[in-house]
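K.L.:
requesting a structural model of the entry that follows:
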Amino acid sequence: MAANEMIVTLVAAYLLGSIPFGLILTRLSGAGDLRAIGSGNIGATNVLRTGRKGLAAATLLLDLGKGCAAVWLARYLPGSLAALGGFAAVIGHCFPVWLKFRGGKGVATLMGVSLGLAWPIGLAYALVWLGMLGLTKTSSLGGMSAAVAAPIAAQLTGHGDYALTLAVLAALVLWLHRANIARLRAGTEPRVGSKH
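P.N.:
Prediction:
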């Protein structure tokens with residue numbers, strides 16, 4: 001793998017991942033600056049706090065899509081760059097240069113990366129996310145559980161070569177949710193549908 005190929009993959013995937021779809025969609029719809037609403041996060045859960053379910057769904061799909069697209073694009077370059085492309089996309093979403101490196105928490109984009117790497121990993125991610133969300137009505141718990149499930153699913157489904165990358169990204173997702181974890185422990189974490 002040539003160094004220039006790795007650099008091109010990293011930069012392209014990072015820039016793709018850094019597109020703040022939630023912020024763009026809420027501004028275009030007249031809902032205002034998403035960073036001044038609810039948690040201030042640019043992800044789909046915070047878009048839902050605007051009361052616009054369609055925008056939240058679109059944000060979720062677009063954030064998922066950019067993670068998946070980054071993996072697919074990386075596969076067209078020589079070498080095993082799919083995981084690298086997915087890693088850079090999640091980093092771009094969480095730390096976008098356009099927003100002074102203050103972005104989202106990576107849950108939807110990581111799902112797209114998981115799906116792009118191997119559909120069984122993506123399926124496991126979705127099932128854990130939706131299952132925990134359904135049981136707890138807590139978006140952060142569903143997202144964190146799904147992120148942790150991804151590297152485990154990679155190992156169990158014969159895609160262990162992706163497990164390390166997914167484990168590092170899961171650790172990042174957990175770190176970005178540290179305030180949510182504190183609220184979960186205190187019993188003050190808002191549930192889906194809450195305006196806070």
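K.L.:
just checking, which helix or strand of the protein averages the lowest pLDDT?
P.N.:
helix 44-48 (a mean of 81; mean pLDDT, DSSP states H and E).
K.L.:
wait, residue 86 sits on residue 13?
P.N.:
Yes. Contact criterion Cβ atoms under 8 Å: residue 86 and residue 13 qualify, at 7.3 Å. For every residue, glycine as well, the C-beta is placed using N, CA and C.
K.L.:
shared neighbours of these two, anything?
P.N.:
The contact sets of residue 86 and residue 13 overlap at 70, 74 (Cβ atoms under 8 Å, 6 or more residues apart in numbering).
K.L.:
hmm, back to that, which helices and strands does the least confident helix or strand of the chain pack with?
P.N.:
With contacts taken as 3 or more Cβ pairs under 8 Å, 6 or more residues apart in numbering; DSSP states H and E, helix 44-48 sits against helix 21-28, helix 53-75.
K.L.:
and residue 21, how far from residue 88?
P.N.:
17 Å (Cβ to Cβ, to the nearest Å).
K.L.:
spatially nearest residue to residue 129, not counting backbone neighbours?
P.N.:
Once flanking residues are discounted, residue 129 sits nearest to residue 146: 3.6 Å by Cβ to Cβ, 6 or more residues apart in numbering.
K.L.:
let me see the contact set for the one you found.
P.N.:
107, 110, 111, 125, 126, 128, 129, 132.
K.L.:
got the angle for the helix or strand where residue 175 lies vs helix 53-75?
P.N.:
Assigned by DSSP states H and E, residue 175 belongs to helix 163-176. Orientation check (axes from the mean of the first three to the mean of the last three Cα atoms, to 10 degrees): helix 163-176 against helix 53-75 gives 150 degrees.
K.L.:
pLDDT at residue 99, what is it?
P.N.:
Per-residue pLDDT puts residue 99 at 89.
K.L.:
ok, residue 80 next?
P.N.:
According to the prediction, residue 80 has pLDDT 67.
K.L.:
swap in residue 38?
P.N.:
pLDDT, residue 38: 71.
K.L.:
which residue, other than its chain neighbours, is closest to it?
P.N.:
residue 49 (3.7 Å).
K.L.:
do the same with residue 15
P.N.:
Here the residue nearest residue 15, using Cβ to Cβ, 6+ apart, is residue 92, at 6.4 Å.
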